[in-house]
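Trainee: please work out how this folds:
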Amino acid sequence: MNKYIQSKQKDLITVIEFFKKDIASLRTGRANPSILDGIQVEAYGAKTQLAGLASISVPEARSILVQPWDKSIIKDLEKSLVTANLGLNVINEGDKLRLILPTLTEENRRELVKRLNEKVEAARISLRQVRDEIKEAIEQAFKDKETSEDDKFRFIKELDEEINNRNDELKKIRDRKEEEIMTI
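Mentor: Numbering: from 1, shown residues only. Sure thing, here's the model as predicted:
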């Protein structure tokens, strides 16, 4: 691997990791606590992550249990979960909240796959932007006579292979997630 790709390796990895985290919030037929990631709760006069205010567990396949450490903020938690519009039924049981995942219809599943495809396309665009930055650095090195023309073409070929491998990785992750969504 050439030095130009190595200098941006962290950016390439970040794109893949962000994509994995981004699609984890897409609902499948099973309860997954990661769909609650990123939910902010207005409590104690400040916005705080839901995970910082309550324990989150999955007692059964289609429900998530949210137990606040301080029972006085249960209404704040409930309000945040309802306004997050995750498509979950929120049931207040007094000292805890139970989130019920409704059964996904075929139409809902197709809509989720459509959102998944939008997210994978955004990740591909990010990869393309990193590729453009690396290619620009290679071109500039050639103009500054730091590399030969042969090296320039070899570096660009290696770059294209690396980007193709990253796109294949995105496709595999996407295919696994689509299978999860479409499984009844």
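
Trainee: would you mark the buried spots in stretch 128-137?
Mentor: Of the residues in stretch 128-137, 130-131, 134-135, 137 count as buried by neighbour count, 16 or more other C-beta atoms under 10 Å. Heads up, the C-betas are built off the backbone N, CA and C, glycines and all.

Trainee: what average pLDDT does that stretch get?
Mentor: What stretch 128-137 shows for mean pLDDT is 94.

Trainee: ok, stretch 145-160 next?
Mentor: For stretch 145-160, mean pLDDT rounds to 91.

Trainee: follow-up on the earlier one: mind checking which of the buried residues of stretch 128-137 are in helices?
Mentor: 130-131, 134-135, 137 (DSSP state H).

Trainee: hmm, back to that, distance to Q67 added to the buried residues of stretch 128-137, as JSON lines?
Mentor: As requested, those are arranged in JSON lines below (distance: C-beta to C-beta, whole Å):
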{"residue": "V130", "distance to Q67": "41"}
{"residue": "R131", "distance to Q67": "46"}
{"residue": "I134", "distance to Q67": "47"}
{"residue": "K135", "distance to Q67": "51"}
{"residue": "A137", "distance to Q67": "51"}
